[in-house]
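Colleague: got a predicted structure plus its sequence, pasted below:
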Amino acid sequence: MAVQKRSGRTSREDIKFLSNPNIGNNRKKYCRFRKYGIKHIDYKDPDFLLQFINEQGKLLPRRITGNSLKFQRKIATAVKRARHLAMLPYVADLLK
Amino acid sequence: MRQYETTFIVVPALPDGEIKKAVKNYKDILEKEGCEIVHVDEIGLRQLTYPIKRHNSGIYFTIEYKSENGEIIDKMELVFRRDERILRFLSVRLDKFGVKYNEDKRSGVIDKRKNDLAAERAKERAEQEASNKEKRATNRKSQKKKSAERAKAKEDAALAKAKVTDAEAGIAKTVEVPADVAKTVEVPADVAKTVEVPADVAKTVEVPADVAKATAEPVVETVDTAVDVAEEVSLDGDILGDLTDSDKKG
């Protein structure tokens, strides 16, 4: 039985089972390239690559996009090439 | 035979002939070295996402070619660097998937697939909307029915309650009030079921002032049992006596 040391502060044990932290994770994340059999990523297609960068033009992490490591790296090189060719910005604001 | 792809950006503000000459120049260099040119693509004038050498737009070209080894890449890039009309260039070696992708793109398979998928999704959405509309229409009908039934039930309950209050206070006026109140206030319907009618009714229905004054105190505190109310309220003992008896039974 946990005794609260400070009154008015909820200890971790009090809120432990109030709500399940995994409650929203019903959708299964998957790598869209593996699922749909996409083998090549074109760096000249900025509209497609916009899916993988945030509003500041930064690459999104793998845990957000759901990509496998292999394709995350391919996306990264494609985005970097597109940046070199001025099809995507290096630094941006309100890109999307 | 290795397959390469070179993309380069030409300065936009050149006369038409100059641009064609620039591209042809590089085609000739490749052909001289014995490379088979697969395709020359013009993406056209595009806005640059950041200014390059004070230019805000450029004309994009892509040349795809096959070669035995990668020596010409160096030679070509040297010429690119020297040429002032070229803003940027990028050479890439294509693997088998890249080759297939480019072929599909040229033959229109990829766009076709995209359009087909888009058309499918549009169809699905249209179908869903149609079914949703139908659902909404049927829901509205059933809701109307239900609300009509509920209104009827309320009125009946209010009338039943009205009889009790009438007997309670012995005032003819209160017969009308509960009916009006029932429309606006939903609580009386539930209240009518329980025996603790006097106190609750007094709480919610403010108009019958006589009843309210009589039962003012008990309402403020708690509404536990009709027995308590009966004791504090000074009304006809007979009527209240009846209520308390049934309360004890219940």
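Modeller: Arrived safely.
Colleague: how about the helices in chain A?
Modeller: Per DSSP state H, chain A carries helices over the ranges A:32-36, A:46-49, A:62-65, A:69-84.
Colleague: so which of those helices gets nearest chain B?
Modeller: helix A:69-84 (6.0 Å; CB to the nearest CB). Heads up, the C-betas are built off the backbone N, CA and C, glycines and all.
Colleague: alpha carbons of that closest one, as CSV, please.
Modeller: Only the C-alpha atoms of helix A:69-84 are listed here, as CSV (Å, rounded to 0.1, in the frame of the first residue of the first chain):
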residue,chain,number,x,y,z
LEU,A,69,15.4,0.0,-42.6
LYS,A,70,16.3,-0.8,-46.2
PHE,A,71,13.7,1.5,-47.6
GLN,A,72,14.1,4.2,-45.0
ARG,A,73,17.7,4.4,-46.2
LYS,A,74,16.6,4.6,-49.8
ILE,A,75,14.1,7.3,-49.0
ALA,A,76,16.8,9.2,-47.2
THR,A,77,19.2,9.1,-50.2
ALA,A,78,16.3,10.0,-52.5
VAL,A,79,15.4,13.0,-50.4
LYS,A,80,19.0,14.1,-50.2
ARG,A,81,19.4,13.9,-54.0
ALA,A,82,16.1,15.8,-54.5
ARG,A,83,17.5,18.5,-52.1
HIS,A,84,20.6,18.8,-54.2
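Colleague: so which elements touch that helix?
Modeller: helix A:46-49, helix A:62-65, strand B:86-94 (3 or more CB pairs under 8 Å, 6 or more residues apart in numbering or on different chains; DSSP states H and E).
Colleague: just name the most buried of those.
Modeller: A comparison of the helices and strands packed on helix A:69-84 by mean neighbour count, using mean count of other CB atoms under 10 Å in any protein chain shown, puts strand B:86-94 on top with a mean of 18.
Colleague: tell me which strands that strand pairs with, and in which orientation.
Modeller: Applying DSSP bridges to the sheet, strand B:86-94 is found paired with strand B:2-10 (antiparallel).
Colleague: most centrally placed residue in chain A?
Modeller: residue A:64 (1.9 Å; CA atoms, centre = their mean).
Colleague: how about JSON lines for the helices of chain A, with mean pLDDT added?
Modeller: Putting the helices of chain A into JSON lines (pLDDT from 0 to 100) gives the following:
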{"stretch": "helix A:32-36", "mean pLDDT": "93"}
{"stretch": "helix A:46-49", "mean pLDDT": "94"}
{"stretch": "helix A:62-65", "mean pLDDT": "93"}
{"stretch": "helix A:69-84", "mean pLDDT": "97"}
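Colleague: pull out the buried positions in whichever strand or helix holds residue B:27.
Modeller: In this structure, residue B:27 sits in helix B:16-32 according to DSSP states H and E. Neighbour counts over helix B:16-32 (16 or more other CB atoms under 10 Å in any protein chain shown) mark B:19, B:22, B:23, B:26, B:30 as buried.
Colleague: repeat that for stretch B:46-57.
Modeller: B:46, B:48, B:49, B:52.
Colleague: and what about the first one, helix, strand or coil?
Modeller: What that stands for is residue B:46. With DSSP: H, G, I helix; E, B strand; the rest coil as the basis, residue B:46 sits in strand.
Colleague: sec struct for the residue nearest to it when sequence neighbours are not counted, please.
Modeller: Residue nearest to residue B:46 in three dimensions, not counting chain neighbours: residue B:60, with 5.7 Å by CB to CB, 6 or more residues apart in numbering or on different chains. Secondary structure state of residue B:60, per three-state DSSP, is strand.
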